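A.B. asks: Got a predicted structure here, sequence first:
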Amino acid sequence: MTTRRLFLGGAALAGAATVARSALAALPEPASRTDTNTAAPLAPAQGRPYRPVVTLNGWSLPFRLRNGWKEFHLVAEPVVRELAPGMNAQLWGYNGSSPGPTIEVVEGDKVRIFVTNRLPEHHAVHWHGQRLPNGMDGVGGLTQPHIPPGKTFVYEFEARRPGTFMYHPHADEMVQMAMGMMGFWVTHPREPRRVPGYVECDRDFVFLLNAFDIEPGSATPKVNTMLDFNLWCFNSRVFPGIDPLVVRRGDRVRIRIGNLTMTNHPIHLHGHEFVVAGTDGGWTNPASRWPEVTVDVAVGQMRAVEFVADEPGDWALHCHKSHHTMNAMGHDVPTMIGVDHREVVQRIQKLVPDYMVMGERGMADMGEMEMPLPDNTLPMMSGQGPFGPVEMGGMFTVLKVREGLARNDYRDPGPYAHPAGTVAREWTDAAPEPQRAPGAASAAPAPLRARKPSGHNAHH
Amino acid sequence: MRTRTKALVLVPLVAVLAGCATPGPQDALVEARRLAPQGGELTLATDEAARRERESAVARALAEPLDAQGAWRVALLNSPALQALIAQSWAAQATVVQSGRLPNPRLALERLTRGDETEIGRVLSFGLLELLALPWRAGQAERAAEAARLQLAADVLRVGAQVRQQWVRAVAAQQLAQYHEQVRDAAQASAELARRMQAVGNYSRLQRDREQAFYADATAQLARARQAAVAEREALVRLLGLSPQQASSLRLPDRLPDLPGEPRPAQQVADAAKRERVDLRLAQRRLAAADAQRTLARWTSLTDIELGVVRNSETHQPTQRGFELELTLPLFDAGQARRAGASAEAIAALNQVHQVQIEATSTLRERYAAYRTAYDLARHFRDEVVPLRQRIVDEMLLRYNGMLGSVFELLAESRTHIGSVIGAIEAQRDFWLADAALDAAILGVPAEGASLLTQAPAAGGASPAGH
């Protein structure tokens, strides 16, 4: 990754801390990965066995076992992350990626995490949701001194509670999270059958919801944006850059979702019902669960949903806030629908020769046309499906349910082959007479009549 | 017989004393021709044939779009104001030549009779002192004539600078009107689109009216720009002295000449100024004339001597011959006042030379600074401002393509871009005005400098933000 090396070189010049190799001699070699593909699940080479999770467009951090401690090494550093083909973001992350690698441990493990700070400013990592000694909670200034640039700190605690967690900075938190620093944490149960509400799943996907505000044409997030983000991500990726969730028909599937954006996300799955089997507080009582097709993941929350994938096909999985399935867009662009552009087009083209009319009929043009855009900018909506433009962006991906996949096969099987006669199609016969309410003569919409309130003698 | 001999001697003497020949119109133009920018044909049309030839030459010049050089040629050929200047200078030169000549000798005849006796008296007299001072007087007249020729040259060059500057203003104003038209078109497109947006319910009255307001402003600016183009063109027509018919066939180039690749170096300008200054030469001539006048005044102010040759014939008497000398006695006026006056004139002339020297160097420094500033500004607009605004429009178009920005923002940036082109044309105009002013300063001729201190108006009008 030439770009990353260049970027790191620049960052070092700009004052980012560098850590001498000898100083790291006693530490586990930090693993690093800049690839944005979903890595195969990482089965534990040592320690207690567990069924590893699949991090969407991400990876799990390898560990070493030493004197009864599981040792991980996180390196906080600037990274370049491809959000989708055509756009690289200059972010901060861990071990070459944003979000950082997933940490997987087993309930009862003694965990030692080295955190090396290669950021230009101080840092501290909070282990969100964990039971641990207060001094290991990672709140800079409150429970520990900050990790200065260039220094390595060590966190040691026992993973007491099985469940779904995350880690994120608690030092200059808003900025460091706006820059993309965060990661997933899974504590597998030591004895799965003894954990109330927990069942083993065939496929266990994890990802974080995160958001950036990157000015079109630039690459670095605006860290002072409060709510008006323009790139809504699953694990720092946007559609069409997010991998599909590939499952075998009949698999019991778990999807764990953590939200580190500044707003809630109603995550909606097509074609199946699921239950919320867990939160970052633990596994829910099976008697308390009810079926849903959408789960609202509030800010700072985690939700683990479970279902049996019994309907084959390509099922959309997305945030139901429709603007969260868009990439950067101009919020102040006026609605052009229905505006006749005749003659005006020629006049504008005399001044701006490459001008083209858009939005006269709606914005679907945008999904179809390939227009030159500012550098490093993704179209507001794009993506091609087997039947045409998908017209999506942001928090959107597909659950692909297929017959007869191998147990560990997560490769994209391509578009779903629909059985004959099961795809919506154009009706070419005579249309049946529509049923009308009695007295309704015409289906034509009434003309728009707006009246100003006209003072005292208004009776409406 | 003796008388006859004397009369024969007198004829060439009279011819010598009559001195320099009367100047013709072409003599009056020598200096102006030498200094005037090359390519000009400066003549005084004195008869109908010359006038007709002049008119056809102007018609030929007006057949093509008129460049700056052409404008100067037409002005030289055609301008009645310039012709009047030449004729006046001719008249002035004739007057001073007149002053360098001897007053004509006087011949007094008398015939007296007493009975049958007749007495005829003849006296031919002339001013002896004036005759003795003739070489000084002739020199003085020649100096005055030279000053008059220099003055004409200065006047012609001043008109030349005016013509060149007015041509620049006229071309620029015409060019600016075209770009104001484009601003208007951009604003009109916005207004029309906003009107349609409101018609289908997508825009509020407020939003539409804001776009309409830009259009209204742009229309007013266009009217002003068009009027400016007319006014500047008509000012040029007056300077060139074009008849209504000639004026209607006057076409100007579409654009001002490009900036030169490099500005003139300061040293070159200073050297040229040392060689050529008309104002300094004029002041020096006047000083020389005043000095000579002071010398002459020492002689002529004291007295006046009149010498007469007398020949009286009387009936029955031999002819009486003799001389007559008439002297003014400086009893009441010893000429001190005239000598003092001449001295004062000489002192004034000396100080005027000094003042002209000071003004010449200072004006040249100022004009050269203005020239360099105008050059740098024009280049800055051409190489920085306009390309930058173009890039902004290009980027805005990309944002529009991505639905990241609206067509109204795009049009607003386009207006601002055209505004920067307008700024560039104004800067280019100011450069050529400063260039002409610098040339005038080198020659020592008064001309208006370009006003570089006022900022070009933001012709784009609208800030692109805020939709």
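C.D. replies: On my side now, so go ahead.
A.B. asks: What residue in chain B comes nearest to chain A?
C.D. replies: B:Asn401 (3.7 Å; CB to the nearest CB). Any C-beta I mention is one placed from the backbone N, CA and C, and that applies to glycine too.
A.B. asks: Just give the closest residue to that residue, not the sequence neighbours.
C.D. replies: A:Met371 (3.7 Å; CB to CB, 6 or more residues apart in numbering or on different chains).
A.B. asks: Now do the residue of chain B closest to chain A: how many residues are near it, please.
C.D. replies: B:Asn401 sits with 23 neighbouring residues when counted by other CB atoms under 10 Å in any protein chain shown.
A.B. asks: So it is in contact with A:Leu373, correct?
C.D. replies: Yes. In this structure, B:Asn401 is within contact of A:Leu373 by CB atoms under 8 Å, at 5.7 Å.
A.B. asks: quick revisit: got a list of what the residue of chain B closest to chain A touches?
C.D. replies: Contacts for B:Asn401 (CB atoms under 8 Å, 6 or more residues apart in numbering or on different chains) come out as A:Met356, A:Met358, A:Met371, A:Pro372, A:Leu373.
A.B. asks: Using JSON lines, please lay out these together with distance to B:Leu44 and neighbour count.
C.D. replies: What follows is the contacts of B:Asn401, written out as JSON lines (distance: CB to CB, whole Å; neighbours: other CB atoms under 10 Å in any protein chain shown):
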{"residue": "A:Met356", "distance to B:Leu44": "65", "neighbour count": "15"}
{"residue": "A:Met358", "distance to B:Leu44": "69", "neighbour count": "20"}
{"residue": "A:Met371", "distance to B:Leu44": "69", "neighbour count": "16"}
{"residue": "A:Pro372", "distance to B:Leu44": "66", "neighbour count": "11"}
{"residue": "A:Leu373", "distance to B:Leu44": "70", "neighbour count": "22"}
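A.B. asks: Outside of the helix or strand harbouring A:Phe153 itself, list whatever touches it.
C.D. replies: Counting by DSSP states H and E, the element that carries A:Phe153 is strand A:152-158. Strand A:152-158 has contacts (CB under 8 Å, 6+ apart) with A:19, A:23-24, A:27, A:69, A:108-117, A:124-125, A:127, A:130, A:132-133, A:136, A:138, A:144, A:147.
A.B. asks: Please apply the same query to stretch B:352-360.
C.D. replies: Contacts of stretch B:352-360 (CB under 8 Å, 6+ apart): B:Ala273, B:Arg277, B:Asp279, B:Leu280, B:Ala283, B:Gln284, B:Arg286, B:Leu287, B:Ala441, B:Gly444.
A.B. asks: and with 6 Å instead?
C.D. replies: With contacts defined as CB atoms under 6 Å, 6 or more residues apart in numbering or on different chains, stretch B:352-360 is touched by B:Arg277, B:Asp279, B:Leu280, B:Ala283, B:Gln284, B:Leu287, B:Gly444.
A.B. asks: do stretch A:115-128 as well
C.D. replies: By CB under 6 Å, 6+ apart, stretch A:115-128 touches A:15-17, A:19, A:74-77, A:138, A:140, A:146-149, A:151-153, A:165-168, A:170-171.
A.B. asks: Neighbours of the nearest residue to A:Gly313 once chain neighbours are set aside, how many?
C.D. replies: Nearest-residue entry for A:Gly313: A:Tyr416, 4.9 Å, with adjacent residues in sequence omitted and distances by CB to CB, 6+ apart. When neighbours are counted by other CB under 10 Å, A:Tyr416 registers 16.
A.B. asks: returning to what we had before: quick one, phi/psi of the residue of chain B closest to chain A?
C.D. replies: Here is the backbone geometry of B:Asn401 (degrees, to the nearest 10): phi -60, psi -40.
A.B. asks: Report pLDDT for it.
C.D. replies: With respect to pLDDT, B:Asn401 has a value of 91.
A.B. asks: Out of the contacts of strand A:152-158, which end up buried?
C.D. replies: A:19, A:24, A:27, A:109, A:111-117, A:124-125, A:127, A:130, A:132, A:136, A:138, A:144, A:147 (16 or more other CB atoms under 10 Å in any protein chain shown).
A.B. asks: Parallel or antiparallel, which strands does the strand holding A:Phe153 pair with?
C.D. replies: When sheet partners are counted by DSSP bridges, strand A:152-158 sits next to strand A:110-117 (antiparallel).
A.B. asks: Whichever helix or strand comes after the strand it pairs with pairs with which strands, parallel or anti?
C.D. replies: Counting by DSSP H and E, the next helix or strand C-terminal to strand A:110-117 is strand A:125-128. If you go by DSSP bridges, strand A:125-128 pairs up with strand A:163-169 (antiparallel).
A.B. asks: could you give the mean pLDDT of the strand it pairs with?
C.D. replies: Strand A:163-169 comes out at a mean pLDDT of 97.
A.B. asks: before we move on, back to that, buried members of the contacts of stretch A:115-128 into PyMOL, please.
C.D. replies: Command for PyMOL that selects the buried part of the contacts of stretch A:115-128, burial taken from 16+ other CB under 10 Å:
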select buried, chain A and resi 16+17+19+74+75+76+77+138+140+146+147+149+151+152+153+165+166+167+168+170+171
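A.B. asks: Measure how buried the residue of the stretch 151-300 of chain A found nearest chain B is and give me the count.
C.D. replies: In the stretch 151-300 of chain A, the residue that lies nearest chain B is A:Pro216 (5.0 Å; CB to the nearest CB). The burial count assigned to A:Pro216 is 23, neighbours taken as other CB under 10 Å.
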